[in-house]
Structures are given as structure tokens and as C-alpha cells.
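Engineer: The following block contains a protein sequence and its predicted model.
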Amino acid sequence: MKTDKVYEGELIGNEVIIWDKKKAEEVYNIGCYGKIIEDHLVLNLYEALHLIERKKITVKEGRKKLDKKKFYKRASEIDEEFPQKYTVYKDLRERGFLVRTGFKFGTHFRVYDRGVKLKKGPKSAKEHTKWIVHAVPEDFKFSYAELSRAVRLAHNIRAKMLWAVVDEEKDVTYYEIIRITP
């Protein structure tokens, strides 16, 4: 009888670290989770919770083990946007998309089409970011300038801008915003 490995991570600041190089690569290869830096893997809070739910990792903060509920609570204390970010992240992952951080684009996520595996070197057209996604609660307010900047950025990287609106029932509705020029 084969049992799946469960890896141990350590919550440090707003990241979860898998320290052992071999284990880091194994966790990354589960589905392109995190980013390998030298000999360890760095996971975002939402990636870590998704792996906790899939029973692939356990997480400790100091000597204290955090179960799913405690980790969610702690992540929400660290990042006030965590609840809607995680809801959207999980929804996209369960739909089969590869989801990475969108930090360098000033948004929450960059999303790749189903079946994409990230690799080093030149990318094919299929391997480019398909969408950039920003997760917001349904009562979120923003300016037209902020909306315009997000759409222009997406357009500049040949991606589509999606606003993922999370309602009180944790349902996600995606809105694509496009730029129309006369």
C-alpha cells in the first residue's frame, strides 16, 4: 500500500519554507507550487494552505503545528486580503489552471492556461501569462484610474485583466475588463 508523502514547512513572516532541497523540488513538482531559491522552496500563504488542504504539507510556526483552521486564521492576520485571495486561488487551481503570484505586475495572480508547466528559457506562446487576476470582496471600491492602470498593464503583457469578486458566500465571479479605443 503506497502512502503519499507529507512534507513539513515552516511559517516565517508571510511565507512558508520547505528547507530540504530534495523535498523542496518534490513539493514544487506536485503542481509548480512556490519558487525554489537555492536549496529551499518558498510558498505563498495561499499556496501553503492549498497544500495543507490537499494533505501534502504540514506547517509549523516555531514549535507549534498549525492545522488548517489555525493556519487560515494566522494567514488572515498576516494578510488582510488573504480570505479573498485564497478563495480565488483555490477556485482557479480547482479549475486546472496554473496560478502564480502577480506581485511584479501589481496584482494578486498571473494565471496560465491548463496544462502549462513552467520551464527556464524561452517560452512558447502557450506558456505566457493568459490572465492577470485581482481578487476583491464584493464591497470593494476603487478609482477609474486604478482600473485603467490594471487594464493597460494587462494589455502591455498581452494578457487579459480579470477582477475576481468574492461574495459573502465565498462564490467567485470573474469580470474581464477591456480597453476599447475609438
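Structural biologist: Done, it's in.
Engineer: for this structure, what are the low-confidence residue spans?
Structural biologist: 1-3, 115-127 (pLDDT under 70).
Engineer: Can you pull the domain assignment for it?
Structural biologist: What automatic domain parsing lists as the domains of the chain is 7-78, 82-177.
Engineer: I'd like those laid out as JSON lines, including mean neighbour count.
Structural biologist: Quick note: C-beta positions are derived from backbone N, CA and C, even for glycine. Below are the domains of the chain laid out as JSON lines (neighbours: other CB atoms under 10 Å):
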{"stretch": "domain 7-78", "mean neighbour count": "17"}
{"stretch": "domain 82-177", "mean neighbour count": "16"}
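Engineer: can you map out the helices along the protein?
Structural biologist: Using DSSP state H, the helices of the chain run over residues 21-31, 45-53, 68-78, 82-94, 144-156.
Engineer: quick one: the shortest one to helix 68-78, angle?
Structural biologist: With axes from the mean of the first three to the mean of the last three CA atoms, to 10 degrees applied, the angle from helix 45-53 to helix 68-78 works out at 180 degrees.
Engineer: which residues sit against helix 45-53?
Structural biologist: The contact list for helix 45-53 (CB atoms under 8 Å, 6 or more residues apart in numbering) reads 9, 11, 14-16, 27, 30, 33-34, 43, 57-59, 68, 71-72, 75, 78-79, 82, 85-86, 89-90, 93.
Engineer: cool, the third one as well?
Structural biologist: The list of residues contacting helix 68-78 from outside it, by CB under 8 Å, 6+ apart, reads 11, 13-14, 45-46, 48-49, 52-53, 59, 61, 66, 82-83, 86.
Engineer: again, 10 Å this time
Structural biologist: The contact list for helix 68-78, computed with CB atoms under 10 Å, 6 or more residues apart in numbering, reads 9, 11, 13-16, 44-46, 48-49, 52-53, 55, 58-59, 61, 64-66, 82-83, 85-86.
Engineer: Same check on the last one?
Structural biologist: The contact list for helix 144-156 (CB under 10 Å, 6+ apart) reads 102, 105-107, 110, 129, 131-134, 142-143, 159-163, 176-179.
Engineer: In strands, which of those residues fall?
Structural biologist: Applying DSSP state E to these, the entries found in strands are 110, 131-134, 160-163, 176-177.
Engineer: For the residues you listed, give me JSON lines that also has distance to Asp39.
Structural biologist: Below are the ones in strands among the contacts of helix 144-156 laid out as JSON lines (distance: CB to CB, whole Å):
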{"residue": "Arg110", "distance to Asp39": "26"}
{"residue": "Trp131", "distance to Asp39": "32"}
{"residue": "Ile132", "distance to Asp39": "30"}
{"residue": "Val133", "distance to Asp39": "31"}
{"residue": "His134", "distance to Asp39": "33"}
{"residue": "Lys160", "distance to Asp39": "36"}
{"residue": "Met161", "distance to Asp39": "36"}
{"residue": "Leu162", "distance to Asp39": "35"}
{"residue": "Trp163", "distance to Asp39": "38"}
{"residue": "Glu176", "distance to Asp39": "40"}
{"residue": "Ile177", "distance to Asp39": "41"}
